[in-house]
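1. predicted model follows, preceded by the sequence.
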Amino acid sequence: MLISLLEIEYPYGRSEEMNTLRRMLKGESGASITEYALLLALVAIAVISVIILFREELVRTFVTIADALKGADASGSPPGGTHARPIGG
């Protein structure tokens, strides 16, 4: 309806403004925003699905990392006593 109203010719010098409005409404820039939104939604669904499918493995991995961090002594070296040589030492 709006596009058909825009197709009316205006003889009193408004044709340039109406042409600009027609180009904006008929343009495809809005379609690319919609496509990006759909792509983002699909990626979000994929990430959530992967997290749900691999939940146990992810929990196990984070627990292992947390245990390793708890086991590190105050100097920040990993358990087992392997120390990096200090710079210049």
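-> Good, I have the coordinates.

2. use CA for all of it now, contacts and neighbours both
-> OK.

3. show me where pLDDT drops low in the protein?
-> 1-14, 18, 21, 24-31, 72-89 (pLDDT under 70).

4. one more pass at 80, please.
-> Applying pLDDT under 80 to the chain flags residues 1-32, 72-89.

5. right, and the helix or strand after the longest helix along it?
-> Longest helix in the chain by number of residues (criterion: DSSP state H): helix 29-53. Next helix or strand after helix 29-53 toward the C-terminus (DSSP states H and E): helix 55-71.

6. now the angle between helix 29-53 and that following helix, please.
-> Going by axes from the mean of the first three to the mean of the last three CA atoms, to 10 degrees, helix 55-71 is angled at 70 degrees with respect to helix 29-53.

7. hmm, who's touching the longest helix of the chain?
-> Residues outside helix 29-53 that contact it (CA atoms under 8 Å, 6 or more residues apart in numbering): residue 58.
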